[in-house]
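>>> Please find the sequence and the predicted model below.
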Amino acid sequence: MSRKPALSTLASGNLSPAPNAHYQPASTYAIASTGLWVLMGVIGALFFLFTVAYYIRHTLSDWQALNEPWQLMLSTSLLVLGCVAMHLAGRKARLLPALAACQTELIMAVCFTLGFILAQLWAWQALVKINQGVLANPANSFFYLLTGLHALHIIGGVLALGVVVYQVWRGQRDNLHLWLQLCARYWHFLLFIWLFLLGLLRLT
């Protein structure tokens, strides 16, 4: 009797009917992509819990609604522009996988994103000038907490982008456009979180 060929496990986790198939470990990009999805899930859960606490707290009698400064609209525009620039950088890197091809877009993405942070600091300063500091009211405390936590995640994204660019420049990492896709995914996710927070603050 002829023996049936043994099934081999591929990197995707599926079984291959090919008798000469060999196990292929998951690529670094696949691992990073999965890790990013997990990270975004954790961040989303964190902001969801803070949203629940915010919603419960704002129903109490000592809550005084905060009039958000106009600088928030400026910061929102800068974050949108940063996402667009990051997306364009990934597209250019796909056509020509070199840092020189998307250097302008990457610089714009970083500048717009850092501009978002500066606009946030400007908004905080404007509130402090009118005696609306973090301890003035529970609504103020939540405003500084939510916007500050979001800004920390933005800074983390900029640092991660810097690591990617440095490793590509040193020749330690290939497929630039794939890594920029991960960065763009994180940027778009933070934009979604920011729009959600902005709507939450305005509606309450």
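Ah, there it is. Numbers count the residues shown, from 1 in each chain.
>>> And the strands in this protein?
8-9, 15-16 (DSSP state E).
>>> Which secondary structure element of this structure has the lowest mean pLDDT?
In the chain, no helix or strand scores lower on mean pLDDT, DSSP states H and E than strand 8-9, which sits at a mean of 44.
>>> residues contacting the residue nearest to residue 195 when sequence neighbours are not counted?
Once flanking residues are discounted, residue 195 sits nearest to residue 76: 7.4 Å by Cβ to Cβ, 6 or more residues apart in numbering. All C-beta spots, glycine's among them, are computed from the backbone N, C-alpha and C. Residue 76 makes contact with 194-195, 198 under the criterion Cβ atoms under 8 Å, 6 or more residues apart in numbering.
>>> How much space separates residue 76 from residue 185?
Look at residue 76 and residue 185: by Cβ to Cβ, to the nearest Å, they are 19 Å apart.
>>> Show me which residues of the longest helix along the chain are buried.
Longest helix in the chain by number of residues, with DSSP state H as the criterion: helix 138-169. Neighbour-count burial for helix 138-169 flags 138-144, 146-147, 149-151, 153-154, 157-158, 160-161, 164-165, 168 (criterion: 16 or more other Cβ atoms under 10 Å).
>>> what about the closest residue to residue 29 other than its chain neighbours, neighbour count?
Spatial nearest neighbour of residue 29, chain neighbours left out: residue 178 (5.0 Å); criterion: Cβ to Cβ, 6+ apart. Applying other Cβ atoms under 10 Å, we find 19 residues neighbouring residue 178.
>>> What of residue 30?
13.
>>> Relative to residue 163, how far out is it?
Residue 30 is 18 Å from residue 163, by Cβ to Cβ.
>>> cool, and residue 121?
From residue 121 to residue 163 the distance is 24 Å (Cβ to Cβ).
>>> which residues touch residue 72?
Each residue near residue 72 by Cβ under 8 Å, 6+ apart is listed here: 119, 123, 198.
>>> Turn those residues into a markdown table, including distance to residue 204.
Putting the contacts of residue 72 into a markdown table (distance: Cβ to Cβ, whole Å) gives the following:
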| residue | distance to residue 204 |
| --- | --- |
| 119 | 22 |
| 123 | 18 |
| 198 | 11 |
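>>> quick check, nearest of those residues to residue 64?
Each of those was scored against residue 64 by Cβ to Cβ, and residue 123 proved nearest at 18.0 Å.
>>> Give me the nearest residue to the closest one, chain neighbours excluded.
Leaving out its chain neighbours, the residue that sits closest to residue 123 by Cβ to Cβ, 6+ apart is residue 71, at 3.8 Å.
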